[in-house]
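Asker: fold the following, please.
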Amino acid sequence: MKPHNTEQAARGLIMYQLAIRGYTIQFTDSRFPIEDLLCISPNLKHFGIDVKGQRTSNFWRFNEPRISPEFFFAFVYVPVTDKPRVAIIDSATVNRLWNQYKEEALQRDKISSVKRKSDAYQWGLNWKTPFDYEDNYDILPK
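Answerer: This next block holds a predicted model:
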């Protein structure tokens, strides 16, 4: 599976899972650079989801997330030969985990934050971290 196909499979899986729960979902385009999916809950609450998909068990690399009560992340593992896994996390929690990882890495590597910022280095989450929130669809607006 190619990287582009992995992202599409991840988005499709989330769309399916939300649709069977009564949500209305729309793919976004370049006019929405952050949200991959725009969603409406069964009770007409609007929110966005940034879908992170990958086919191998690697580090989840992405820029610092913005915090909004109407914004969520879906970390989707779409392996070629195994069952997909989905973790749904609110943006405030992702931001906290992202910054926690960054600070721990800076301390561990003894690299100044000034140098890292100037390197335009991307941070993220360890592979297993999102799966503490696996199948966490109940966090989404009702």
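
Asker: go ahead and confirm residue 124 touches residue 98.
Answerer: Yes - with contact defined as CB atoms under 8 Å, residue 124 reaches residue 98; the gap is 6.7 Å. Every C-beta, even on glycine, is put in place using the N, C-alpha and C of the backbone.

Asker: find residues that contact each of these two.
Answerer: Here residue 124 and residue 98 have residue 62 as joint contacts, going by CB atoms under 8 Å, 6 or more residues apart in numbering.

Asker: for residue 75, which non-adjacent residue is spatially closest?
Answerer: Leaving aside its chain neighbours, residue 75 sits nearest to residue 130 (3.7 Å; criterion: CB to CB, 6 or more residues apart in numbering).

Asker: which residues touch the one you found?
Answerer: Residue 130 sits next to 60, 73, 75, 87, 89 when contact means CB under 8 Å, 6+ apart.

Asker: ok, residue 93 next?
Answerer: If you count contacts by CB under 8 Å, 6+ apart, residue 93 has them with residue 133.

Asker: and it, helix, strand or coil?
Answerer: Using DSSP: H, G, I helix; E, B strand; the rest coil, the structure places residue 93 in helix.

Asker: residue 87 and residue 47: what is the separation?
Answerer: For residue 87, the distance to residue 47 (CB to CB, to the nearest Å) stands at 17 Å.

Asker: okay, and the helix or strand of this protein with the least pLDDT?
Answerer: The helix or strand of the chain with the lowest confidence, counting by mean pLDDT, DSSP states H and E, is helix 113-118 at a mean of 54.

Asker: the helix or strand just after that one pairs with which strands, and in what direction?
Answerer: Downstream of helix 113-118, the first helix or strand assigned by DSSP states H and E is strand 124-125. Counting by DSSP bridges, the strands paired with strand 124-125 are strand 60-61 (antiparallel).

Asker: now the partner strand: average pLDDT?
Answerer: Average pLDDT, strand 60-61: 93.

Asker: beyond it, next helix or strand please.
Answerer: Next element after strand 60-61 (DSSP H and E): strand 71-77.

Asker: pull out the buried positions in that following strand.
Answerer: 71-77 (16 or more other CB atoms under 10 Å).

Asker: now swap in stretch 35-50 and tell me
Answerer: By neighbour count on 16+ other CB under 10 Å, the buried set for stretch 35-50 is 35-37, 39-41, 47-50.
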